[in-house]
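Generate coordinates for the sequence data below:
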Amino acid sequence: MFDYRIYEQIERYLNKSMPAEEQAAFEALLRTDLRLADKVQEHKQLLQAMQHYGQRQSLRQKLNSIHHDMEAAQQPTVATEEVPVWKVFWKKHAQTMAVAASVSLLSVFGTLWSVQQLKAPVRQQTARYIELRREVEKIKKEQRALINGIASNETVAPAPRSARFSGTGFAISPDGYVVTSSHVIAKADSILIENKAGLRYKVTEVYRNTEYDLTILKVEDPTFGGFGKLPYTFKTASSDLGERVYTLGFPREDIVFGEGSLSSATGFEGDTTSYQISIPLNPGNSGGPLLDDKGNVIGVINGKQAGQEGAAFAVKSSYLLQMVTEMQQSTATAPVSIPANNTLLGSSRTQQLKKLQDYVFVVKVYN
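Predicted coordinates:
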């Protein structure tokens with residue numbers, strides 16, 4: 001619960017009035033408590049808004065004072081020396097007038113910019129979020145087999161049922177846990193995962209967090225003997241703007257590599273649980289890993305903005321780890337072995353990709 005004492009601490013932290021030792025302890029808490037970090041960010045924005053409002057009020061008072069002085073200057077006065085009224089006025093209020101002129105110019109340019117935006121295409125005014133799961137269509141192939149069977153007068157065996165949707169998932173522990181986007185497996189009757197090497201396993205959903213659009217799956221195949229040692233780790237600290245990032249996913253039947261940079265610390269419409277990245281993505285990429293140059297997983301791909309090429313989004317890995325903790329606390333799940341060592345560090349990009357491919361899966365949804 002965030003009572004008044006928490007807000008008092010937040011305000012002292014933002015005002016830099018905490019002792020150094022207390023400030024260090026508070027910052028350490030921020031790195032582990034994501035909800036508190038969000039509250040600090042919200043409070044910072046509130047204080048900034050109040051400060052801007054106070055500045056506007058101060059400027060308004062100055063302008064009212066100027067107006068009052070102008071009216072007084074127009075009244076007839078007896079002076080020993082004839083000095084033009086405008087010179088007296090300018091000498092007294094030159095600095096304030098300069099500030100007022102600057103504000104006026106900004107207002108004019110702001111209005112012109114707004115008019116220009118109104119002329120822009122409608123798609124720029126109504127941003128739309130697109131989930132990246134892929135609809136699988138194999139109807140033509142099945143129809144062709146049926147027609148060939150009729151032509152040869154043979155009894156046609158029923159075609160195997162095709163997956164209805166697909167996306168991407170990747171291993172988060174050696175003991176069979178896989179993460180994907182919740183919207184990928186929506187309304188699924190059964191789920192199958194398959195990697196580039198052809199390894200295929202039946203999985204079931206074990207935990208879901210709709211707020212983060214993340215679902216954890218578990219391999220339930222009796223032939224499964226474990227994924228082996230995962231070559232990557234999960235980053236808990238925030239990544240920096242401009243960092244080079246990349247992803248692997250299944251926008252088609254074969255695995256596809258995408259590369260770009262981290263373009264914003266927040267996601268769609270300022271969502272603090274996500275990053276924005278400059279990687280062109282397509283349906284099927286949802287649920288794929290987002291990694292930095294060192295081979296750390298920093299997020300999970302889950303969507304893009306309509307009409308904005310290269311404006312894609314990924315849920316931050318810190319929220320995935322928080323979700324794993326919640327799963328273990330709220331269910332009878334055994335401890336999940338999150339990888340602790342990163343063997344991708346120092347490898348070339350091509351070598352990193354070769355090691356990663358065995359742990360990234362196409363998620364096939366049947367319903």
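
Am I right that residue 42 is in a strand?
No - Residue 42 is assigned helix when assessed by DSSP: H, G, I helix; E, B strand; the rest coil, not a strand.

can you pull the contacts of the most centrally placed residue in the chain?
With distances taken as Cα atoms, centre = their mean, residue 274 lies nearest the centre of the chain, 2.0 Å away. Neighbouring residues of residue 274 by Cβ atoms under 8 Å, 6 or more residues apart in numbering: 266, 267, 268, 299, 302, 313, 314, 315, 316. (Glycine included, C-beta is placed from N, CA and C.)

I'd say the second one and residue 273 touch.
Yes - counting by Cβ atoms under 8 Å, residue 273 is a contact partner of residue 267 at 6.8 Å.

Which of these two has more residues huddled nearby?
A direct count of neighbours by other Cβ atoms under 10 Å for residue 267 and residue 273 places residue 267 higher, at 24 against 20.

just to revisit the earlier point, hey, what's in contact with both of residue 267 and residue 273?
Shared contacts of residue 267 and residue 273 (Cβ under 8 Å, 6+ apart): residue 315.

May I see the domains of this protein written out as residue ranges?
4-119, 165-366 (automatic domain parsing).

For the first one, the averaged confidence score.
Domain 4-119 comes out with an average pLDDT of 70.

now swap in stretch 347-355 and tell me
Here the average pLDDT along stretch 347-355 is 94.

can you pull the buried residues of it?
Buried positions in stretch 347-355, judged by neighbour count with 16 or more other Cβ atoms under 10 Å: 347, 352, 353.

which residues touch it?
Taking contacts as Cβ under 8 Å, 6+ apart, the residues outside stretch 347-355 that touch it are 231, 246, 248, 257, 291, 295, 343, 344.

how does it look with 10 Å?
Stretch 347-355 is contacted by residues 230-232, 244, 246, 248, 255, 257, 259, 291, 293-295, 343-346, 360 when judged by Cβ atoms under 10 Å, 6 or more residues apart in numbering.

any idea which helix or strand carries residue 5?
Residue 5 is part of helix 4-14 when elements are defined by DSSP states H and E.

check contacts around the residue nearest to the residue nearest to the centre of the chain when sequence neighbours are not counted.
The shortest distance from residue 274 to any non-neighbouring residue, by Cβ to Cβ, 6 or more residues apart in numbering, is to residue 267 (2.7 Å). Going by Cβ under 10 Å, 6+ apart, residue 267 touches 129, 273-277, 299, 302-303, 305, 311-316.
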